[in-house]
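K.L.:
Sequence and computational prediction follow.
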Amino acid sequence: MRALVHATFTVLLAGLLSGGSSAAGGQQAPVDSKRADLAAISSARAATTATKLLVVVEENHSLAQMKAGMPYTFGLAKRYGYATRYRAITHPSLPNYIAMVSGNTHGVADDAPPSAHRLKGPTVFSEGLQHHRRTAVYAQSMPRRCATTSQGAYAVKHNPWTYFPGQRRQCRAHDFSMRRFAPDVRNGELPRVGMVIPDLRHDAHDGTLKTADDWFKNLMSRVLAGPDWQSGHLAVVLTADEDDGIHGNRVLTVVIHPSQRHHVVRSRLNHYSLTRLYCEVAGLPRFNQATSAPSMARAFNLPIP
């Protein structure tokens, strides 16, 4: 199916770029024909399955606050898709990050460093690598790969892979600073299992929602120009770890993929649904709470393998 869609897209695009000339006389195709070709290209791209998932996590703001304070981000939400009943699991930050990547909070109820929480069990990252899926975390301002202590604007509590010491070797090999991000975008090498962690200045924790919005705009300008997005195989999800504690833990969660057009999803979803989405997009077995969590892929009608 993917090969057929790609072939259709290539043929249509070639015809459009050549001016839509006919084989017999080289006459330019009518405008309506060009519009039809563009519509067909759009349809072909929309049918392309999402095989890569990049998750971006912001901090400590509710759905209403993010809608009001992040105009670029909410503009993408309205253009593509977003959920209105997506809730974080608990408070504070750390157990929510742990939940996203492992389908379980493991009883964590604070923001203590990895030295205080030596967790066991699978993560979407370890499962991705075990099943030969390209996997990467990009953590802004992280001083070295898989850093297990906070430093400057880097908060280790926002980097959940560091809490699984049995996966430390994998983490050191695939938990990068943001310096790795731009070349991976440019070369079409974004991972099938990916997470982007802004630092405290850009995740709305210490900085403003406007600063976070501007940072996400810069990030998405790179992504939308890159070959992974252009192929139709990349889905980007932006969510928040938790709200401010007074809005029922409901956070803005945006799904950006060519298949989404002004899609407002009112199904009940949560961070375990995001764990499940990682598994569904990358073709991994579901585990922990992701086994029974509501499916984001189904809720958004996201085409997956």
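P.N.:
Okay, I see it. Note that this is a predicted model, so its numbers are computed, not measured. Residues are numbered from 1 along each chain as shown.
K.L.:
Show me the helices in the stretch 101-250 of the chain, by range?
P.N.:
124-130, 168-174, 181-186, 209-225, 227-230 (DSSP state H, counting those that start in this stretch).
K.L.:
Quick one: closest of those to Y272.
P.N.:
helix 124-130 (11.5 Å; CB to CB). Bear in mind the C-beta positions are built from the backbone N, C-alpha and C, glycine included.
K.L.:
Now do the buried residues in that closest one.
P.N.:
V124, F125, S126, E127, G128, L129 (16 or more other CB atoms under 10 Å).
K.L.:
The fourth one contacts N288, correct?
P.N.:
To tie it back to what came earlier, the one meant is E127. No - using CB atoms under 8 Å, E127 is not in contact with N288; the gap is 10.7 Å.
K.L.:
can you give me the strands for this structure?
P.N.:
52-58, 81-83, 86-87, 135-139, 175-177, 193-197, 234-240, 253-256, 263-265, 269-270 (DSSP state E).
K.L.:
average pLDDT for the second one?
P.N.:
Think strand 81-83. The average pLDDT for strand 81-83 rounds to 98.
K.L.:
Got the domain ranges for the chain?
P.N.:
2-44, 50-300 (automatic domain parsing).
K.L.:
average model confidence for the first one?
P.N.:
To tie it back to what came earlier, the one meant is domain 2-44. For domain 2-44, the mean pLDDT works out to 41.
K.L.:
cool, stretch 148-157 as well?
P.N.:
98.
K.L.:
how far does it sit from the chain's center?
P.N.:
Chain-centre distance of stretch 148-157: 22 Å, with CA atoms, centre = their mean, to the nearest Å.
K.L.:
Same question for stretch 74-92.
P.N.:
Mean-position distance between stretch 74-92 and its chain equals 12 Å (CA atoms, centre = their mean).
K.L.:
Same check on stretch 283-296?
P.N.:
16 Å.
K.L.:
still on that earlier bit, deepest in the core, which of the domains of the chain is it.
P.N.:
domain 50-300 (a mean of 20; mean count of other CB atoms under 10 Å).
K.L.:
pretty sure N96 contacts E242?
P.N.:
Yes - judged on CB under 8 Å, N96 makes contact with E242 at a distance of 5.3 Å.
K.L.:
got the strands of the chain as TSV, with distance to A64 columns?
P.N.:
Converted to TSV, the strands of the chain look like this (distance: least, CB to CB, whole Å):
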stretch	distance to A64
strand 52-58	14
strand 81-83	13
strand 86-87	13
strand 135-139	28
strand 175-177	33
strand 193-197	24
strand 234-240	12
strand 253-256	13
strand 263-265	15
strand 269-270	17
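K.L.:
which stretch among those strands comes nearest A299?
P.N.:
Comparing these by CB to CB, strand 263-265 comes nearest, at 5.0 Å.
K.L.:
Any idea how far the closest one is from the middle of the chain?
P.N.:
17 Å.
K.L.:
helices and strands around that strand, which ones?
P.N.:
strand 81-83, helix 296-300 (3 or more CB pairs under 8 Å, 6 or more residues apart in numbering; DSSP states H and E).
K.L.:
Which strands or helices does the first one pack on?
P.N.:
Strand 81-83 makes packing contacts with strand 253-256, strand 263-265, helix 296-300 when contacts are defined by 3+ CB pairs under 8 Å, 6+ apart.
K.L.:
Need the contact partners of it.
P.N.:
74, 252-257, 260-267, 269, 296, 299-300 (CB atoms under 8 Å, 6 or more residues apart in numbering).
K.L.:
ok so, going back, any residues in contact with both of N96 and E242?
P.N.:
Between them, N96 and E242 share the contacting residues A88, T90, judged by CB under 8 Å, 6+ apart.
K.L.:
residue contacts, F287?
P.N.:
G103, G121, P122, E127, C279.
K.L.:
thinking L94 is in contact with D110, fair?
P.N.:
Yes - using CB under 8 Å, L94 makes contact with D110 at a distance of 6.7 Å.
K.L.:
Tell me who's in contact with the closest residue to N270 other than its chain neighbours.
P.N.:
Counting by CB to CB, 6 or more residues apart in numbering, N270 lies nearest to R87, which is 5.1 Å off, once chain neighbours are set aside. By CB under 8 Å, 6+ apart, the contact set of R87 is G248, N249, R250, V251, R268, L269, N270.
K.L.:
Let's see that with 10 Å instead.
P.N.:
63, 242-243, 247-251, 253, 268-271, 273 (CB atoms under 10 Å, 6 or more residues apart in numbering).
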